[in-house]
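>>> Sequence and predicted structure below; questions after.
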Amino acid sequence: MSKADIGLIGLAVMGQNLVLNMNDHGFTVAVFNRTVSKVDKFMESGAKGTKVIGTRSLEELVNSLKSPRRVMLMVQAGKPVDEFIDMLIPLLDKGDIIIDGGNSNYNDSIRRTAYLESKGLLFVGTGVSGGEEGARNGPSIMPGGSIAAWDHVKPIFQSVAAKVSRPDGGEDPCCDWVGEDGAGHYIKMVHNGIEYGDMQLISEAYHLMRDGLGMTHEEMQATFAEWNTGKLDSYLIEITRDILGYKDEDGQALVEKILDAAEQKGTGKWTGISALDMGIPLTLVVEAVLARALSSIKDERESASKVLTGPQPAITGDKQAFLNDLREALYASKIISYTQGYMLFRAAAKEYNWNLNYGGIALMWRGGCIIRSVFLGKIKEAFDNNPALPNLLLDPYFKEQMLSAQAAWRRVVAQAVQQGIPVPTMSSALAFFDGYRSSSLPANLLQAQRDYFGAHTYQRIDKPRGEYFHTNWTGHGGDVTSTVWKKD
Ligand code: NBP
């Protein structure tokens, strides 16, 4: 029997679909699963009539593979990944490759790359996005790890990945090398964080439409359908349109019967933690995570709603004009979210010594994943035009968009505040924009306060940077003392 191109361990939803996708693209896949009966079941059902090779032990799996061997894990993140790695090491030869395609924490992928390279093996930690449907028909694949492994996994990954059309009529795969060790899983984590942000932004727009403008579900559905034909064209806008049009058995919109308490699995939180650790103002994603947290205390909110009153929302005036403003506010806020995400990438690249492929990341997200959108093509263009772009807002296209959207954006946020409708991501995005474009912020007072209570010192605008001063703030007249020194 001819040897398999790749081995895949973990025959749950993602694994099975990825195997069938690889098979469709002409690759021979050998499969294994901890609970071996699932191999038999798969061979008799989904894999029936394919070239897939079912194996019943790790030895059998490894022996069925071409060299260098490529073994992909699609198992639950955490301990199962380490356990399989330790079982595989004695069975593999120098230069063989272990790929982890689960939702692993990037810190684990950093550790695993070093560990496997110390054993003469190669490691790829890759984000795979798009869920079950993506795995079957074309996911977004974000690989990082041992660079020497890339040429060996590239043909398979780029064949099975989602494809997006280029203006010249060709196609690009939504998969490219991201960077060293944990970079692939880091990018996947930030993808999920940005997904939290995009979803919250859309939900705020819906809140304003429903409670502010009093729109019917048919009207909201039509608005999202229209938005999906322009610069907001994206998977999340598209499914929002469909959700708003979906009727329950009684003919009422199903969405209104769903408990307004959001859950989360933690990747948004991880993204926020990484940003806080590195001091990056990733305000939009963090607000989106916290908005879910606030929504989840439903019982407490219900009690509070009986005590804490506010305005009764009713946005009057030209409805279409407000909807036009809202579309601009959503787009501008989305630009801020991706700007902040790319600021985080720059910091992470510095922190972890990664050479990140910035334009490639936008291309990988352009198709196959939950945040796929036309907008990501513009980010790719921005980095193609200037690979050293320091900030997305400074790209000519995005600068223009922000300047033309800002009046509408301010009207929407002001209106939401007046009406008492919370828009944490839209408003924090605007606050970030105003902070980022300000050469003067009130942090001078803050530094004075820090020096007052903690002698933390401050720098002066009329003295060279790097010289630090302390003042005895409680002294009177001649008692005031200032000292100066240079910090290292
Ligand atoms: P699950 O995350 O549910 O994992 C199931 C697989 O893990 C099965 O093969 C199972 O073997 C194996 N496994 C478990 Br559970 N505990 C194990 C252990 N202690 N030792 C060895 N194997 C163990 O599957 P999934 O939803 O297909 O996801 C696979 C990976 O892809 C995960 O990391 C997930 O986070 C990620 N991911 C999932 C999605 C999605 O939409 N589902 C999207 C993107 C990424 P068994 O059959 O013997 O129990």
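Ah, there it is.

>>> From residue 338, how far off is residue 394?
Residue 394 is 13 Å from residue 338, where distance means C-beta to C-beta, to the nearest Å. For every residue, glycine as well, the C-beta is placed using N, CA and C.

>>> Same drill for those two, tell me which one is more crowded.
More neighbours surround residue 338 than the other of residue 394 and residue 338, with 24 against 12 (other C-beta atoms under 10 Å).

>>> Around the ligand, which positions in the stretch 101-250 of the chain sit nearby?
102-103, 128, 131-132 (C-beta under 6 Å from any ligand atom).

>>> So what's the residue count around the residue in the stretch 1-150 of the chain that the ligand sits nearest to?
Nearest residue of the stretch 1-150 of the chain to the ligand: residue 102, at 2.5 Å (C-beta to the nearest ligand atom). Using other C-beta under 10 Å, residue 102 is surrounded by 24 other residues.

>>> Provide a list of residues in contact with it.
Residue 102 is in contact with 10, 14, 73-77, 81, 128, counting by C-beta atoms under 8 Å, 6 or more residues apart in numbering.

>>> where does it fall, helix, sheet strand or coil?
Secondary structure, DSSP: H, G, I helix; E, B strand; the rest coil: residue 102 is coil.

>>> what's the spacing between it and residue 17?
Taken as C-beta to C-beta, the span from residue 102 to residue 17 is 14 Å.

>>> thinking again about what came up before, so among the residues of the stretch 101-250 of the chain next to the ligand, which ones count as buried?
Burial by neighbour count, 16 or more other C-beta atoms under 10 Å: within these this picks out 102-103, 128.

>>> got the residues of the stretch 101-250 of the chain next to the ligand as CSV, with distance to residue 419 and pLDDT columns?
Listed next are these as CSV, based on distance: C-beta to C-beta, whole Å; pLDDT from 0 to 100:
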residue, distance to residue 419, pLDDT
102, 43, 96
103, 38, 93
128, 41, 96
131, 36, 91
132, 39, 94
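
>>> buried residues in stretch 104-116?
So stretch 104-116, judged by 16+ other C-beta under 10 Å, has buried residues 104-106, 108-110, 112-113, 116.

>>> Centroid-nearest residue for this protein?
Centroid check for the chain by C-alpha atoms, centre = their mean gives residue 191 as the closest residue, at 1.6 Å.

>>> what's the spacing between whichever helix or strand that one is part of and its chain's center?
Taking DSSP states H and E as the definition, residue 191 sits inside helix 183-207. Averaging C-alpha positions (C-alpha atoms, centre = their mean, to the nearest Å) puts helix 183-207 5 Å from its chain's average.

>>> ok, now stretch 361-369?
11 Å.

>>> One more: stretch 102-114?
That offset, for stretch 102-114, works out to 17 Å (C-alpha atoms, centre = their mean).

>>> got the contact list for the strand or helix carrying residue 71?
Applying DSSP H and E as the criterion places residue 71 in strand 70-73. Residues from elsewhere that reach strand 70-73, judged by C-beta under 8 Å, 6+ apart: 5-10, 18, 61-62, 65, 80-81, 84-85, 88, 92, 96-102, 152-153, 156.

>>> now the angle between helix 183-207 and whatever helix or strand residue 109 lives in, please.
Here residue 109 sits within helix 106-118, counting by DSSP H and E. Counting by axes from the mean of the first three to the mean of the last three C-alpha atoms, to 10 degrees, helix 106-118 points 160 degrees away from the direction of helix 183-207.

>>> Using PDB, list the CA coordinates for helix 106-118.
C-alpha atoms of helix 106-118 as PDB (Å, rounded to 0.1, in the frame of the first residue of the first chain):
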ATOM      1  CA  TYR A 106       0.400  30.500  22.100                       C
ATOM      2  CA  ASN A 107       2.600  30.100  25.200                       C
ATOM      3  CA  ASP A 108       2.200  26.400  25.000                       C
ATOM      4  CA  SER A 109       3.200  26.500  21.300                       C
ATOM      5  CA  ILE A 110       6.400  28.600  22.200                       C
ATOM      6  CA  ARG A 111       7.300  25.900  24.700                       C
ATOM      7  CA  ARG A 112       6.500  23.000  22.400                       C
ATOM      8  CA  THR A 113       8.500  24.400  19.500                       C
ATOM      9  CA  ALA A 114      11.600  24.600  21.700                       C
ATOM     10  CA  TYR A 115      11.000  21.200  23.200                       C
ATOM     11  CA  LEU A 116      10.500  19.400  19.800                       C
ATOM     12  CA  GLU A 117      13.400  21.200  18.200                       C
ATOM     13  CA  SER A 118      15.600  20.100  21.100                       C
END
